[in-house]
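**Q** Fold the stuff below for me.
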Amino acid sequence: MHWLYLLLALAALAVAFKTTSVAVLAVALLAALGLLLAWVLGLLAQRVGSRARDEGLMLDPAELRRLREQAEARKLAAAQAAPPSEPSN
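**A** As a prediction, this is how the structure comes out:
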């Protein structure tokens, strides 16, 4: 859809080059500018949308809490298993 904006912007530029009226020239140039801006924003929106993560892969709060508890339990077990180091003088 955003490619249509580019084609319309080029058509507006063609009208601006062919016209002899200053008012039509101003309107055509403003239309071309607006359509070019819409094309760029559409292109960027498509790129951002294609790189977005799938919402189905996101963790829910309960799963995140369970993973944190597991990580804390592993840390605690590793800290208890390792002998405390004594400072050397």
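**Q** for residue 36, helix, strand, or coil?
**A** The three-state label given to residue 36 by DSSP: H, G, I helix; E, B strand; the rest coil is helix.
**Q** And for residue 77?
**A** helix.
**Q** residues touching it, list them.
**A** Listed by CB atoms under 8 Å, 6 or more residues apart in numbering, the contact set of residue 77 is empty. Glycine gets a C-beta too; all of them are placed from N, C-alpha and C.
**Q** Give me the pLDDT for it.
**A** Listed pLDDT for residue 77 reads 88.
**Q** One more: residue 86?
**A** 63.
**Q** Check residue 47 too.
**A** Residue 47 is given a pLDDT of 89.
**Q** Quick check: the residue nearest the centre of the chain vs residue 8, distance?
**A** Centroid-nearest residue in the chain, with CA atoms, centre = their mean: residue 48, separated by 3.6 Å. Distance, residue 48 to residue 8, using CB to CB, to the nearest Å: 23 Å.
**Q** ok, now residue 30?
**A** 13 Å.
**Q** out of the two, which sits in the busier spot?
**A** Using other CB atoms under 10 Å, the more surrounded residue of residue 30 and residue 8 is residue 8, with 17 against 12.
**Q** Leaving out sequence neighbours, find the closest residue to residue 29.
**A** With sequence-adjacent residues excluded and distances taken as CB to CB, 6 or more residues apart in numbering, residue 29 is closest to residue 16, at 5.2 Å.
**Q** Wait, that neighbour touches residue 23, no?
**A** No. Applying CB atoms under 8 Å, one finds residue 16 not in contact with residue 23, separated by 11.4 Å.
**Q** what about those two, which has more around it?
**A** Each of residue 16 and residue 23 has its neighbours counted (other CB under 10 Å); residue 16 has more, 17 against 8.
**Q** gap between the residue nearest to residue 29 and residue 36?
**A** 12 Å.
**Q** now residue 27
**A** For residue 27, the distance to residue 36 - CB to CB - is 15 Å.
**Q** Residue 38 touches residue 5, doesn't it?
**A** Yes. Judged on CB under 8 Å, residue 38 makes contact with residue 5 at a distance of 4.4 Å.
**Q** and the least confident helix or strand in the chain by mean pLDDT, how far out from the chain's middle?
**A** Lowest on mean pLDDT, DSSP states H and E among the helices and strands of the chain sits helix 61-81, with a mean of 90. Counting by CA atoms, centre = their mean, to the nearest Å, helix 61-81 is centred 33 Å from the centre of its parent chain.
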